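Asks: The sequence and its predicted three-dimensional model are supplied below.
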Amino acid sequence: METDTYIIESRKMEVAPPRNGIREENQPKSPEAGAAESIGQRMQDFVRRLYPICRSITGKGVRQTLDIVSEMIPLDRYEIPTGTRVFDWEVPREWNIREAWIKNSRGEKIVDFANSNLHVLNYSAPVHKQVTLGELKEHLYTIPAQPELIPYRTAYYEEKWGFCISYNQQESLEDDTYEVFVDSTLEKGYMSFGEYFIPGETSDEVLISTHTCHPSLANDNLSGIAVAAFLARELSQKKHRHSYRFLFMPATIGAITWLSLNERRTKNIKYGLIASLLGRPGPFTYKRSRLGNADIDHVVETVLRSSHVAYEVRDFAPYGYDERQFCSPGFNLPVGCLTRTTWGEFPEYHTSADNLDLVSADTLQDSFAMYRKIFQMIEVNRRYLNMNPKCEPQLGKRGLYDDVGGDHKRQDVQTAILWVLNLSDGSHTTLDICEKSGLEYSVVDIAIRKLVESKLLIAL
Amino acid sequence: METDTYIIESRKMEVAPPRNGIREENQPKSPEAGAAESIGQRMQDFVRRLYPICRSITGKGVRQTLDIVSEMIPLDRYEIPTGTRVFDWEVPREWNIREAWIKNSRGEKIVDFANSNLHVLNYSAPVHKQVTLGELKEHLYTIPAQPELIPYRTAYYEEKWGFCISYNQQESLEDDTYEVFVDSTLEKGYMSFGEYFIPGETSDEVLISTHTCHPSLANDNLSGIAVAAFLARELSQKKHRHSYRFLFMPATIGAITWLSLNERRTKNIKYGLIASLLGRPGPFTYKRSRLGNADIDHVVETVLRSSHVAYEVRDFAPYGYDERQFCSPGFNLPVGCLTRTTWGEFPEYHTSADNLDLVSADTLQDSFAMYRKIFQMIEVNRRYLNMNPKCEPQLGKRGLYDDVGGDHKRQDVQTAILWVLNLSDGSHTTLDICEKSGLEYSVVDIAIRKLVESKLLIAL
Amino acid sequence: METDTYIIESRKMEVAPPRNGIREENQPKSPEAGAAESIGQRMQDFVRRLYPICRSITGKGVRQTLDIVSEMIPLDRYEIPTGTRVFDWEVPREWNIREAWIKNSRGEKIVDFANSNLHVLNYSAPVHKQVTLGELKEHLYTIPAQPELIPYRTAYYEEKWGFCISYNQQESLEDDTYEVFVDSTLEKGYMSFGEYFIPGETSDEVLISTHTCHPSLANDNLSGIAVAAFLARELSQKKHRHSYRFLFMPATIGAITWLSLNERRTKNIKYGLIASLLGRPGPFTYKRSRLGNADIDHVVETVLRSSHVAYEVRDFAPYGYDERQFCSPGFNLPVGCLTRTTWGEFPEYHTSADNLDLVSADTLQDSFAMYRKIFQMIEVNRRYLNMNPKCEPQLGKRGLYDDVGGDHKRQDVQTAILWVLNLSDGSHTTLDICEKSGLEYSVVDIAIRKLVESKLLIAL
């Protein structure tokens, strides 16, 4: 038994006992499956490989990242040319960078991109010149309140150059002449993104999107990339009722591009989640879709509630991650956002402290398990029809009084059978039944299975 | 003045003052009407007559019971043959019993059906043999937590024999050889139920159903049978807007049978109540219909609230009494259930302690009065139309400022007149007006009558 | 800068900063505009001029009052003949009075209409005779609980004569013969009302109605007349999106008459307020329209909430002022009532203590300012359409990231821009956006203007 399974059980999470064959689905058949290493540890290793790469919204760093994801799952790779019109936007130039540093007058490199790719203003224009301390400071970014940390800053849509350093280092700079060098290019090229579509029994689609544009920040968002990639691989190994689509894209321009290219497909999206900030311990934060009461909202809130973990649910707001695009009024898709502590609310956010130490195998695995439970709930959350809707059916003659067994109390299953029969009028979902009856999903699930076996119930 | 009327007034229940002729309706014209005996005492006498009879879901005990009810009201009697298909069920065999006992080896009857019909497992198969103490114990039912009491147990849909005794008696049984004798029959026959339909001015129907299948248990459900029979007799003596249908049937199979035979009639049912557990003191418990906001729910909750008595309201759940059948998804009728302390929640439930001592004349009468108030509210809960809907009518010229009189404050009636006029747009019911205005029904009723007399208002 | 503006700002009321040209609208161009006198002081002077006049539902007092209002705004004057049928009512006779007094046997005037027009029962029939103290007392009205005060009483729809005096004076009356004289007339004539319609860019109409039938009572309702007249003058000096209609009418019969004559016009009324009791300090009281969730309700409640003043909101009830008629079920118009402490709830209500001392310039001005803010909110409360509804538009290329300026934090405006874009789907109003975003109106307004300028948004 894998550790992730252990974690689920040790927390007494209210997951359903396995259906025929379902437990296998929860245990990846990957080569590592037999190894002692947990999924959490493997995700952490995955994050470690991705960490050194300098990503941006375009450029080789994104491609390298997608290469590594492709080792896990057969990504469809897209390269969209600079200048392509996508709704109100256009795909920007491709940015690449080889080196960057600041030297003092003694020729000492006092800041070096080689030490941390955060040191360069992301998407910085090239520069090479001598500057006074005063001129230099106009191009330096620091965080006075966190004087030890290097900030992460970007300059996507205005051409400028700059460096990010700790406030302490800036304060220690002497009145000197400095040589600044950013060996970057901003040229016609491509924006890259990856997509992995897992067809299901129906065209009803579950969308998972995660951003790939941040450089060496571990929680934001290598954690999201890792969780999405590992979920995708697991899902690919079994049949599902829903189709699943995983998107690995730069924030904003990536989502806008995808929506522009796939507008007609969006009608299939029944559930969607933006996945990010999943490696740092901290309570789950769920931000509802703009619709506010979509099935995705109902499912995530139920799973969180039944997991007996700390969490917070918030209403939609038009800032944050790519739910901004999926939930723009012209789309208004049922897409929420599930993170741990959310952006801007943990002290390491967008700083050099968002490093490998911040992300733990246990947290990655815990986030993975939560998403997995959500997918399980999505799979089972459906409407049923009581085929004997007039009065109760005679349960005794079908053995539905005695043959209840299992880990649950006989009385609970008996009660669940009555609730499922009573509410299976085609309008109540599985989750509605749980909510109205106050019974946990696992016992409702047993009742559903027994009733389906007895042909008293059919799935719609 | 009858005592029941006295009780209503002493509790300051907010019933309407009599309309023309309505007071007579509240005073049964039965032969006993002139007697000093209260309705509560007469109901208690009625319960006493029914108590010794051994009832079950079929058999002579039910017929005897219906015979006695027929002395009160002209019941339509139905006999449904064993084997008749009713939805998913079929009518079971008829069970009858003459005697039953257990003798020890000295020939002493240590358990005798003649002492309490609870001693026999209800619907027990016949048996006559010698058994060891060990064998006997496999057929004995007791309540260890209530060691003095005989339980009530049934074996409807599996053929077996058994006895119910106190736990103390079981513990005192010697290691002996026992002779067990149940002189019962399980044969093709009939299931019996009674129905009494009182036509009203309209075909809109109020349904009252009560179960007749329990043996010598006073509260469960001779109290329900008594209250229903006395209400039916009273209602039969006056004209009403609604038609009333009273059903005296065995639980579950009776309701399923009735629904199977009367499916097309169910569309007329506008209000319904399951009546049981009405003789033991304890707060009223109202269980809402599956619809949850049906007129019956609104009426019962309003009457309970305005009665200033302890009560509890619960949402529908698919277990309990015959609301399970009336509220199955294929029917989903506006049928609630009004008891005192409900099943399983009072210590005497389904034991020999549910005897004649448990049921008091006062409680029966109080339950009767509550149902009567509900019927009164059902009769008056309707929509009206303001015939002068544009601006207020001139009340002064119609004497509606001065001629207010009655027991109510002039100001309240004046206010009620304005509320009734303002809300009588065809969509608000009498109860809606009470709720929005915060006025009690009695004063709203005065306003309605005055406005109808003035031709400013018509009933829809 | 005028004092009224100062007051608004000193209370940190959340009004929008001026749009182009809008500030002028808030500063009346009247001759007095340059004077040091505040609007509040001018309203108080206005009340002072109106105070001595003896008004009733008909008669010269009303005409004099309308004459004075006509000095402010070009009133349309209507004279409706006695006997005109208006729905269920008819226009009553015209009442006029020259003098009225009570003399004792020594010929001393102990009560004189010349001292206070409250001394005569309003609409009193003429009388001239000698009466005993006993007879006199049958025609005297007092307030025992407020023994110093003269009550205000009326006798509109039953012909009788009477005097109103203090309880103390009544108690001091000697056993004497008194001469009573009321030199009034009740004759065929006219009922007068005034109307001022200010056409707007659309036919959508805002209705303000105030009652003109009370004699020398300052708060009730010279305060309402003053606030309405001054608001009307100010509104007349600028263009508005809505048309505004001001009605100066006797209570009840006036509103009924107006509705009878203008039934077809009522469909244009999108917002309505009954204005009265606006001069006495005390919290604002808003009584919702019968609809309860009409735009007027939403606007007034939002303005009150954002004003950080004490206030109370109440549900509609069919008693009070002329909302009774506008909200009768045949009209059911979106008309609420905004007063300070409401009728019957302040000790001076309908007594001689409702005099000029009760009404302060500051309170009148504060009430005026609150109505003005409501009108401003009505003008801006509309639906917009995001012209780039699919994904977010690129704000940077339109200068919507930097050019935010103003008194508000850049971050708030940025946030507001996202909210306005996200919710401008044609169904959310400006107020909905404020409510969902938690942003104050002023910052939402800046965002709207910027987006409209950028052609990303159009008003519907």
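Replies: That came through fine.
Asks: Any regions of the stretch 51-200 of chain A where pLDDT drops low?
Replies: For the stretch 51-200 of chain A, not a single residue meets the criterion pLDDT under 70.
Asks: What does the pLDDT read for the residue most central in space within chain A?
Replies: Residue closest to the mean C-alpha point of chain A, counted by CA atoms, centre = their mean, is A:Ala275 at 1.5 Å. At A:Ala275, the model reports a pLDDT of 98.
Asks: For it, list each beta-bridge partner.
Replies: Beta bridges link A:Ala275 to A:Leu338, judged by DSSP bridges.
Asks: Around whatever residue of the stretch 51-200 of chain A ends up closest to chain B, how many other residues sit close by?
Replies: Closest residue of the stretch 51-200 of chain A to chain B, CB to the nearest CB: A:Gly200 (29.2 Å). Yep, even glycine has a C-beta here, placed from its N, CA and C like the rest. Neighbours of A:Gly200 under the rule other CB atoms under 10 Å in any protein chain shown: 17.
Asks: hang on, it packs against A:Arg241?
Replies: Yes - between A:Gly200 and A:Arg241 there is a contact at 5.7 Å, judged by CB atoms under 8 Å.
Asks: Give me the three-state assignment for A:Leu231.
Replies: helix (DSSP: H, G, I helix; E, B strand; the rest coil).
Asks: Can you report how many residues neighbour it?
Replies: Using other CB under 10 Å, A:Leu231 has 22 neighbouring residues.
Asks: Quick check: chain neighbours aside, which residue is closest to it?
Replies: Using CB to CB, 6 or more residues apart in numbering or on different chains and skipping the chain neighbours, the partner closest in space to A:Leu231 is A:Tyr371 (5.5 Å).
Asks: So the spatially most distant residue from the centre of chain A, which state does it fall into?
Replies: The outermost residue of chain A relative to its centre, with distances by CA atoms, centre = their mean, is A:Lys397 at 48.3 Å. Under three-state DSSP, A:Lys397 falls in the helix class.
Asks: re earlier: test my guess that the residue nearest to the centre of chain A contacts A:Ala228.
Replies: Yes - judged on CB under 8 Å, A:Ala275 makes contact with A:Ala228 at a distance of 5.2 Å.
Asks: Which neighbours do those two have in common?
Replies: Residues touching both A:Ala275 and A:Ala228 (CB atoms under 8 Å, 6 or more residues apart in numbering or on different chains): A:208, A:210.
Asks: Which secondary structure elements does the helix ranked longest in chain A sit against?
Replies: Scanning chain A for the longest helix, with DSSP state H as the assignment, gives helix A:361-380. Here helix A:361-380 touches helix A:3-10, helix A:39-50, strand A:205-211, helix A:224-235, strand A:269-275, helix A:295-306, strand A:335-339, helix A:441-453, going by 3 or more CB pairs under 8 Å, 6 or more residues apart in numbering or on different chains; DSSP states H and E.
Asks: closest one to C:Thr266 among these?
Replies: Among the helices and strands packed on helix A:361-380, the nearest to C:Thr266 by CB to CB is helix A:295-306 (42.0 Å).
Asks: hmm, the closest one in reach of chain C?
Replies: No - using CB under 8 Å from any CB of the partner chain, helix A:295-306 never reaches chain C; the gap is at least 15.9 Å.
Asks: Now that helix: buried residues?
Replies: Within helix A:295-306, the residues that count as buried by 16 or more other CB atoms under 10 Å in any protein chain shown are A:295-304, A:306.
Asks: So which of the residues you listed sits lowest on pLDDT?
Replies: Confidence-wise, A:Ser306 trails the rest of these, at 85.
Asks: My read is that that one contacts A:Glu440, right?
Replies: Yes - with contact defined as CB under 8 Å, A:Ser306 reaches A:Glu440; the gap is 6.5 Å.
Asks: circling back: state the next helix or strand along the chain beyond the longest helix of chain A.
Replies: Under the assignment DSSP states H and E, the closest C-terminal helix or strand after helix A:361-380 is strand A:383-386.
Asks: okay, the angle between the very next helix or strand once past that following strand and helix A:441-453?
Replies: Next along the chain after strand A:383-386, taking DSSP H and E as the criterion, comes helix A:410-423. In terms of direction (axes from the mean of the first three to the mean of the last three CA atoms, to 10 degrees), helix A:410-423 departs from helix A:441-453 by 60 degrees.
Asks: near chain B, anything from the next helix or strand after helix A:410-423?
Replies: Using DSSP H and E, the helix or strand that follows helix A:410-423 towards the C-terminus is strand A:425-429. Yes - using CB under 8 Å from any CB, strand A:425-429 reaches chain B at A:Asp425.
Asks: List the strands paired with strand A:425-429, with their directions.
Replies: strand A:383-386 (antiparallel).
Asks: hmm, who's touching the strand it pairs with?
Replies: Contacts of strand A:383-386 (CB under 8 Å, 6+ apart): A:420-422, A:424-430, A:448, A:451-452, A:456-460, B:329-330.
Asks: at 7 Å what do you get?
Replies: A:421, A:424-429, A:448, A:456-460, B:329 (CB atoms under 7 Å, 6 or more residues apart in numbering or on different chains).
Asks: Please list only the buried members of those residues.
Replies: A:421, A:424-425, A:428-429, A:448, A:456-457, B:329.
Asks: for those, which one is nearest chain C?
Replies: A:Thr429 (26.3 Å).
Asks: Show me what from the stretch 251-400 of chain A comes close to chain C.
Replies: Counting by CB under 7 Å from any CB of the partner chain, the stretch 251-400 of chain A comes close to chain C at A:256, A:259, A:318-319, A:324-325, A:328-331.
Asks: Check the spacing between the nearest residue to A:Glu148 once chain neighbours are set aside and A:Val131 real quick.
Replies: Nearest residue to A:Glu148 in three dimensions, chain neighbours excluded: A:Ser166, at 5.6 Å (CB to CB, 6+ apart). According to CB to CB, to the nearest Å, A:Ser166 stands 19 Å off from A:Val131.
Asks: neighbour count winner among those two?
Replies: A:Ser166 (20 against 17).
Asks: Got the phi and psi for that one?
Replies: Backbone torsions of A:Ser166, given as degrees, to the nearest 10, read phi -70, psi 150.
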